[in-house]
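Asker: I need the structure of the sequence given here:
(2 chains)
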Protein chains: 2
Amino acid sequence: MSIGKNISFIGSGNLSWHLAPALDNAGHAIREVYSRNKKNAKELVNRLYQAEIKEDLDFSDSLSQIFIIAISDDAIAEVSQELVLPDNAIVVHTSGAKSLDILGYTAADATGVFYPLQTFSKSKNVNFEQIPICIESESVDAEKLLMSVAKDISKKVYRINSQDRKALHVAAVFASNFTNHCLAIAENLLSEKGIDFNILKPLILETIEKGLAIGPSNAQTGPAKRHDFETLDEHMSYLEKDESLTAIYKIFSQNIIDNYPTD
Amino acid sequence: MSIGKNISFIGSGNLSWHLAPALDNAGHAIREVYSRNKKNAKELVNRLYQAEIKEDLDFSDSLSQIFIIAISDDAIAEVSQELVLPDNAIVVHTSGAKSLDILGYTAADATGVFYPLQTFSKSKNVNFEQIPICIESESVDAEKLLMSVAKDISKKVYRINSQDRKALHVAAVFASNFTNHCLAIAENLLSEKGIDFNILKPLILETIEKGLAIGPSNAQTGPAKRHDFETLDEHMSYLEKDESLTAIYKIFSQNIIDNYPTD
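Answerer: Residues are numbered from 1 along each chain as shown, chains lettered A, B, ... in the order given. Here you go, the predicted structure:
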């Protein structure tokens, strides 16, 4: 466990909502929360022991050493440049998509990335212990400090550079956003027929369980994997009223066929 | 619970491997197993109380009333026509993809469909109680009997006609085969960088849990949902060496954008 650090948050969205209390509970002191959204900021401050709302980006009198920017990707560069900081400040962003360079014009002693690889909703508690946290910094000392703070809340802390984090983020889009969209497409196809989406629940759970247990490449099944062109054709005629779904079905099946040349 | 029925299996693949013992344990008697694969047939018979291997498709002397065809889709029509059957026989296939009509030339008293909506592997036990079973028959009596047999092993038995079963099968391809392929793509992207696929495990589990809890359309997140074109472009340049992945990324993102016109 690292010595308790003073930390300030810029941003009060879903990530801050979970990350700030996790750090607080691990013995760090969240001192300030700045957010354009005053209501969110207030709600977040109420979840913390001694944090206060910060009305502007001038942190020159702050006790904090670590400043965590948890805001939308497009705002990071601008906000980070507007920060006025005390000596020895470390500024990190929490984005999977953005490289470390984006903080290049920040007036900090060191910059870094503190990226928890998870999807966050306010309404749903998460167990930070199991959430991988990806750390990067060009400063050896800052990296060491960030690693140690991350380890206070998670058992899975990785040193990942910006290039690898991009691979991770693209992979996460496939593994999370696109899998979820596959489920949403299935939900729509069933609702057209008045069939409850929950009928697919056991299949979905078994698919994911098997994919994680033996690796998804080993777990692939279905008509495309079997090169069962008759079924593929039948499914595509079923979908033909929706051009874009037909195209998705086709390109996905073709990619599966190419990846599994023989069944 | 229905009165124990005499049942014969045609086919000894992954489905028979799990379904035949489940019916056996529920008080039905599996009498015969026919399979082109003698080794599989023998192994399956060893899992059953009193079944015997059947060497041909002449079941005229069989005690069975229900004949379950669990073989690959393309073989169903031909094999079903070759069956020689006793009086009052009900022949069912177990395919999600094929309509009931495919059994039209079977010399049975009644035909039907007995489709368990799950993915089966020999090495992995399944809990049949939770597996939805979709039943169809043009004969009211046969349908009643099949429903009652299905209810002996599963709590989730549905009457689903061929047209709705096709919708269900297409939806299952999206929800199972395509989600698994999304995971496989993520696995490949990470392995190129030497990153362990397991780093995505908490994200994948949370995604599925959330999608099933609040419905996938409500759970969608990510750069496409946010209409974050900068990240989409960056991801596509990252993927550009692989044309087919780039195309998948693009068509999927576009479909998400179209389905969530504003964030």
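Asker: residues of stretch A:203-216 that come out buried?
Answerer: A:203-204, A:206-208, A:210-212, A:216 (16 or more other C-beta atoms under 10 Å in any protein chain shown). For the C-beta atoms, the positions are set from N, CA and C on the backbone; glycine is no exception.
Asker: In a markdown table, list these along with distance to B:Glu138.
Answerer: Below are the buried residues of stretch A:203-216 laid out as a markdown table (distance: C-beta to C-beta, whole Å):
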| residue | distance to B:Glu138 |
| --- | --- |
| A:Leu203 | 27 |
| A:Ile204 | 31 |
| A:Glu206 | 31 |
| A:Thr207 | 32 |
| A:Ile208 | 36 |
| A:Lys210 | 35 |
| A:Gly211 | 38 |
| A:Leu212 | 41 |
| A:Pro216 | 39 |
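Asker: just the residues you listed that are near chain B?
Answerer: The residues of these that also fall near chain B, by C-beta under 8 Å from any C-beta of the partner chain, are A:203-204, A:206-208, A:210-212, A:216.
Asker: Please dump those into a markdown table; it should also carry secondary structure and pLDDT for every row.
Answerer: Formatted as a markdown table, these follow (DSSP: H, G, I helix; E, B strand; the rest coil; pLDDT from 0 to 100):
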| residue | secondary structure | pLDDT |
| --- | --- | --- |
| A:Leu203 | helix | 97 |
| A:Ile204 | helix | 98 |
| A:Glu206 | helix | 95 |
| A:Thr207 | helix | 97 |
| A:Ile208 | helix | 97 |
| A:Lys210 | helix | 95 |
| A:Gly211 | helix | 96 |
| A:Leu212 | helix | 96 |
| A:Pro216 | helix | 97 |
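Asker: burial measure for the spatially closest residue to A:Leu117 that is not a sequence neighbour, as a count.
Answerer: With sequence-adjacent residues excluded and distances taken as C-beta to C-beta, 6 or more residues apart in numbering or on different chains, A:Leu117 is closest to A:Pro132, at 4.5 Å. Neighbour count of A:Pro132, defined by other C-beta atoms under 10 Å in any protein chain shown: 23.
Asker: A:Pro132 contacts A:Lys151, correct?
Answerer: No: at 11.9 Å, A:Pro132 and A:Lys151 do not qualify as touching, with contact defined as C-beta atoms under 8 Å.
Asker: List just the nearest of the ones next to chain B among the buried residues of stretch A:203-216 to A:Glu234.
Answerer: The shortest gap between A:Glu234 and any of those belongs to A:Leu203, at 19.3 Å (C-beta to C-beta).
Asker: Would you mind confirming that that closest one is in contact with B:Pro116?
Answerer: No: between A:Leu203 and B:Pro116 there is no contact under C-beta under 8 Å: 9.7 Å.
Asker: Please enumerate the helices of the stretch 151-263 of chain A.
Answerer: A:162-172, A:179-192, A:201-214, A:216-219, A:229-239, A:243-259 (DSSP state H, counting those that start in this stretch).
Asker: what's the most buried one of the ones you listed?
Answerer: Across the helices of the stretch 151-263 of chain A, averaging neighbours per residue (mean count of other C-beta atoms under 10 Å in any protein chain shown) puts helix A:179-192 on top, at a mean of 23.
Asker: Quick one: mean pLDDT for that helix?
Answerer: For helix A:179-192, mean pLDDT rounds to 98.
Asker: Please work out the angle formed by the directions of it and helix B:179-191.
Answerer: The directions of helix A:179-192 and helix B:179-191 differ by 170 degrees, with axes from the mean of the first three to the mean of the last three C-alpha atoms, to 10 degrees as the criterion.
Asker: rewinding a little: what sits in contact with each of A:Pro132 and A:Lys151?
Answerer: A:Val157 (C-beta atoms under 8 Å, 6 or more residues apart in numbering or on different chains).
Asker: Mind jotting down where the strands sit in the stretch 51-200 of chain A?
Answerer: In the stretch 51-200 of chain A, the strands defined using DSSP state E, counting those that start in this stretch lie at A:52-54, A:66-69, A:90-93, A:110-116, A:133-137, A:157-159.
Asker: what's the span of stretch A:238-246 from first residue to last?
Answerer: End-to-end distance of stretch A:238-246 (C-alpha to C-alpha, to the nearest Å): 9 Å.
Asker: swap in stretch A:68-87?
Answerer: By C-alpha to C-alpha, the extent of stretch A:68-87 from end to end equals 16 Å.
Asker: With A:Gln254 as the reference, measure out to A:Asn160.
Answerer: One thing to correct before we go on: residue A:160 is Ile, not Asn. For A:Ile160, the distance to A:Gln254 equals 32 Å [C-beta to C-beta, to the nearest Å].
Asker: Same question for A:Val92.
Answerer: A:Val92 is 41 Å from A:Gln254, by C-beta to C-beta.
Asker: same deal with A:Tyr158?
Answerer: A:Tyr158 is 34 Å from A:Gln254, by C-beta to C-beta.
Asker: Point out the residues in the stretch 1-150 of chain A that sit beside chain B.
Answerer: A:72-74, A:97, A:117-119, A:121, A:124, A:126, A:130-132.
Asker: Quick one, which of the residues you listed are buried?
Answerer: Buried among those by 16+ other C-beta under 10 Å: A:73, A:97, A:117-119, A:121, A:126, A:131-132.
Asker: Just the ones of the residues you listed in helices?
Answerer: Of these, the ones assigned to helices by DSSP state H are A:Asp73.
Asker: Leaving out chain neighbours, which residue sits closest to A:Ala77?
Answerer: Counting by C-beta to C-beta, 6+ apart, A:Ala77 lies nearest to A:Ile102, which is 5.1 Å off, once chain neighbours are set aside.
Asker: wait, doesn't that neighbour sit right on A:Glu78?
Answerer: No: if you go by C-beta under 8 Å, A:Ile102 and A:Glu78 don't touch, sitting 10.1 Å apart.
Asker: Neighbour count: these two, which is higher?
Answerer: Neighbour totals were compared for A:Ile102 and A:Glu78, and A:Ile102 leads with 19 against 10 (other C-beta under 10 Å).
Asker: re earlier: show me the contacts for the residue nearest to A:Ala77.
Answerer: Counted by C-beta under 8 Å, 6+ apart, A:Ile102 has contacts A:76-77, A:80, A:93.
Asker: same check, this time on A:Glu240
Answerer: So A:Glu240 contacts A:Thr246 (C-beta under 8 Å, 6+ apart).
Asker: distance of it from chain B?
Answerer: Separation of A:Glu240 from chain B (C-beta to the nearest C-beta, to the nearest Å): 11 Å.
Asker: List phi and psi for that residue.
Answerer: phi -60, psi -20 (degrees, to the nearest 10).
Asker: Show the model's pLDDT score for it.
Answerer: pLDDT at A:Glu240 comes out at 94.
Asker: The residue of the stretch 51-200 of chain A at minimum distance from chain B - how many residues pack around it?
Answerer: Going by C-beta to the nearest C-beta, chain B is nearest to A:Asn177 of the stretch 51-200 of chain A, at 3.2 Å. Neighbour count for A:Asn177, taken as other C-beta under 10 Å: 23.
Asker: Same question for A:Ile53.
Answerer: A:Ile53 - counted by other C-beta under 10 Å - has 14 other residues nearby.
Asker: swap in the one 4 residues further on?
Answerer: Using other C-beta under 10 Å, A:Leu57 has 15 neighbouring residues.
Asker: Can I get the contacts of A:Ile102 in JSON lines including neighbour count?
Answerer: Below are those laid out as JSON lines (neighbours: other C-beta atoms under 10 Å in any protein chain shown):
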{"residue": "A:Ile76", "neighbour count": "22"}
{"residue": "A:Ala77", "neighbour count": "17"}
{"residue": "A:Ser80", "neighbour count": "24"}
{"residue": "A:His93", "neighbour count": "30"}
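Asker: so which of those comes closest to B:Glu55?
Answerer: A:His93 (69.4 Å).
Asker: now the closest one: how far from A:Ala77?
Answerer: Taking C-beta to C-beta as the measure, A:His93 falls 9 Å from A:Ala77.
Asker: Find residues that contact each of those two.
Answerer: A:102-103.
Asker: In chain A, where is pLDDT below threshold?
Answerer: In the predicted model of chain A, residues A:1-2, A:263 satisfy pLDDT under 70.
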